[in-house]
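Novice: Okay, sequence plus prediction incoming.
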Amino acid sequence: MAIQLTDNVSKAAKRDIVDLENKISSFRSGDIADEAFRKFRLTRGVYGQRQPGVQMIRIKLPHGRISADQLTRIADLSDKYATGNLHATTRQDIQLHFVKLADSPQLWADLEDAGITLKEACGNTVRNVTGSARAGIDPIEPFDITPYAYSIFDYFLRNPICQDMGRKFKISVSSSEKDSAYGYMHDVGLIPRIQDGKRGFKVLLGGGLGAQPFSAQTATEFLEEDQAIPFIEGVIRVFDRYGERQKRHKARMKYLLNDIGLDELLRRVSEETPALRNKAYSVNSSQFSAESLYPARPEVSNYTLAADPASPDSQKLTTWFKTNVFEQKQAGWYAVQLRVLLGDMHSDTARSLAQLVKQYAADDIRVTVNQGYLLRYIRPEDLVAVFHALDALGLADPGFDTTADITTCPGTDTCNLAISSSYGITRALETMMHEEFPDLVFNDDIKIKISGCMNGCGQHSVANIGYHGSSLKNGAYVLPALQVLLGGGFNGKGEGLIADKVIKIPAKRGPDSLRFLLRDYEANGFDGEYYSDYYARQGKNYFYQLLKPLADLKTLVDSDYIDWDHTEQYVTEVGIGECASVLIDLVATTLTEASEKLGWAQEALAESRWADALYHTYNVFITGARAALMSRDVPTNTQHGIVSDFDKTFVGESDFHQHEGDFKSLVFSINKQEPSETFARQFMAKAEAFLQTVQSYREAQIEQEGTPELRELTQAQDS
């Protein structure tokens, strides 16, 4: 059945959706190799699950902002195409699981009808731009970063400079110096400041998690607001040009920064200035402003937030007021934060929440980085009613973003990469804390984060107490394990830290490990001492010795060989991969890719988008040169390396060029001139001729040497 597309869907989105439908058809008929299709669909938010034959759909919500109607739409589509569950992520996305591949185009079309996209939610692109959920109402913010976060998302969506990078690229915008959007673990992190009466940002570069987490470096203490987007564009261009492309574990920007140093990176960024689409980019700071969303403010009153002592839930309500409610910077208005176990919300609950928002709050829900939700602009006299309504939905648990509120990824429930259960251990830890450490709902110093593997979707490396899934061998047997990490997160000075790996223990001993850590901190921590400062004071070996008895495999029992939430004996099993090995003509596939990019360049030129046309054309040169090098069995890696190797390999060949350096000079002229129609047309004409030459060269090679041998192609799952 044909996809149903409404008038609310933009022209660009319609083309993307139809393209996805066509690619699915071609894939099913065997016309597209698995790897090429995997790469394509990931950039459309369609991600293979651990379970064969179904997909995870990642819905891209810039800075976590969503309306009540959009939340309802997602809930309805989860019922129709998925499992009725909405999973909030640490990147402020919402994910749907167990979706049939054939249903993904129509699901996307129905989302776009409500103003929601899947574009570039996964893959080697600019991922969802995260932002502090409190933005716009944060009492300590210098200004509202909401329009800036949205503008960054909008500027790079479908931008040719970031459609086929060596790896993903992540950006965050915090609302204050507290860096609640964790800028220090991002490729680019922005922290708002006002200097000499002007708005701007402190800029952090090169942070990242994964197996080797890096803290970001400070690129500048202050960059004026209209320079933020041009600067980010320059950084992405440099990352695209020089970033690793063969070794995926080394392909993030943090490694490029580590290899060449900050000064050299910034020098290369400045070199890109002539080619930028915009040398300055002013953001409409009134967009999404509080005044436009909810202009009528109540008069400040002496209303007292207090529970009725005769009420049976008086204690819970009082605790909820303390931990989940705060007064906004707009006097007389309150915000309410929802703690959501595992980040999972049933579709019925989501629809009821949307109605509650319409009745009591501004139509501006924020998904939070700790997998909860934030409601804003609630009148003080409505708070008790809101509490009871939320309580009926199971959304009024106290302790939002406290020690008792654990952040976690789905782990082995759905993810290909996970090694052990994240959900099961999270439930066990939260239950233990509720029963044995009830006052932790008031502690917002210690943050606990859990991931199913070292890749860090649960952000365990920036937790004060973190865990990631692993395994241990005991003779001929294997058991599920947890790597314990300590000392990350923020210290008493507000500095963001990366946690240390301390010890690996059997997964079933996770509650004991947390119990040991919390009791030790209660006994030996100084009054008011932040946990990460306590960890630094005691040292890594102190905690290793504290937890060492739990790592003793001589004391294992049968249940230690069974993972949380499971009944069968554990086996180490990374799920069925995104793609099996495939045999393809790599050169032909690469030349087809170059032709597609030429088509995008021609379209941009026809629409007078000179900068876009130039960058697509640049990619025609890069991809064509890569194909030529592959035909000679010359390995390729970075774009800069491809250009240099092509120059050396084909120098003196009349089909290409006579002098070494000619090709490099041509291709890298992209950042030497302003983007203009004349330059774009000249550059494109040379690229068309070059691509035709490479194609002719390949045809002649096949005629002389025979049909090329098909090659096996495999690639690791994207994360």
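Specialist: Cool, the structure landed.
Novice: average model confidence for the helix ranked longest in the chain?
Specialist: Secondary structure assigned by DSSP state H gives helix 677-705 as the longest helix of the chain. The average pLDDT for helix 677-705 rounds to 93.
Novice: try stretch 98-115
Specialist: Model confidence over stretch 98-115, given as mean pLDDT, is 97.
Novice: Which positions in that stretch come out as buried?
Specialist: 98-99, 101, 103-114 (16 or more other CB atoms under 10 Å). For glycine as for every other residue, the C-beta is placed from the backbone atoms N, C-alpha and C.
Novice: contacting residues around that stretch?
Specialist: Under the criterion CB atoms under 8 Å, 6 or more residues apart in numbering, residues 3-6, 8-10, 13, 16-18, 20-21, 24, 41, 44-46, 49, 51, 53-57, 59, 69-70, 73-74, 77, 80-83, 96, 117-118, 414 lie in contact with stretch 98-115.
Novice: Buried subset of these as a PyMOL selection?
Specialist: Those of the contacts of stretch 98-115 that count as buried under 16+ other CB under 10 Å are selected in PyMOL with:
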select buried, resi 5+9+13+16+17+20+21+24+41+44+45+46+49+54+55+56+57+59+70+73+74+77+81+82+96+117+118+414
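Novice: The contacts of stretch 98-115 in strands, which ones?
Specialist: 46, 55-57, 59, 96 (DSSP state E).
Novice: Remind me what the helix or strand encompassing R267 packs against, helices and strands.
Specialist: Following DSSP states H and E, one finds R267 within helix 262-271. Applying 3 or more CB pairs under 8 Å, 6 or more residues apart in numbering; DSSP states H and E, we find helix 262-271 packed against strand 217-224, helix 228-242, helix 253-260.
Novice: For V269, grab the count of nearby residues.
Specialist: 21 (other CB atoms under 10 Å).
Novice: let me redo that: S67
Specialist: 18.
Novice: Return the residues in contact with it.
Specialist: Going by CB under 8 Å, 6+ apart, S67 touches 363-365.
Novice: Kindly recompute the last result at 10 Å.
Specialist: By CB atoms under 10 Å, 6 or more residues apart in numbering, the residues touching S67 are 73, 114-116, 354, 357-358, 362-365.
Novice: now do L5
Specialist: Counting by CB under 10 Å, 6+ apart, L5 touches 13-14, 17-18, 105-106, 108-110, 112-113.
Novice: What of H186?
Specialist: 127, 129-130, 169-174, 204-209, 216, 253-254.
Novice: any idea how far S176 lies from L546?
Specialist: Note on S176: its distance to L546, by CB to CB, to the nearest Å, is 35 Å.
Novice: the more surrounded of the two?
Specialist: Using other CB under 10 Å as the criterion, S176 and L546 rank with S176 on top: 21 against 18.
Novice: what about I419, neighbour count?
Specialist: Neighbourhood size, I419 [other CB under 10 Å]: 26.
Novice: element containing it?
Specialist: Per DSSP H and E, there is no helix or strand for I419.
Novice: wouldn't it be in contact with Y467 here?
Specialist: No. Between I419 and Y467 there is no contact under CB atoms under 10 Å: 11.6 Å.
Novice: what do those two both touch?
Specialist: By CB under 10 Å, 6+ apart, I419 and Y467 have these common neighbours: 451-452, 481-483, 507.
Novice: Next step: these restricted to strands.
Specialist: Secondary structure from DSSP E places 451, 481-483 of the shared contacts of I419 and Y467 in strands.
Novice: Tell me the most packed of those residues, by neighbour count.
Specialist: Within these, most neighbours by other CB under 10 Å means S451, with 31 neighbours.
Novice: Could I get the contacting residues of it?
Specialist: Applying CB under 10 Å, 6+ apart to S451 gives the contacts 90, 209, 407-409, 411, 415, 417-420, 422, 457-461, 463, 466-469, 483, 485.
Novice: Next step: those residues restricted to strands.
Specialist: Using DSSP E, the members of the contacts of S451 that fall in strands are 407-408, 466-469, 483, 485.
Novice: Export those residues as TSV, with columns for pLDDT and distance to K686.
Specialist: Output for these, formatted as TSV (pLDDT from 0 to 100; distance: CB to CB, whole Å):
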residue	pLDDT	distance to K686
T407	95	50
T408	94	52
G466	96	51
Y467	96	54
H468	94	49
G469	92	51
Q483	96	52
L485	97	52
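Novice: Let me see the ranges of the strands in the stretch 501-650 of the chain.
Specialist: In the stretch 501-650 of the chain, the strands defined using DSSP state E, counting those that start in this stretch lie at 582-584.
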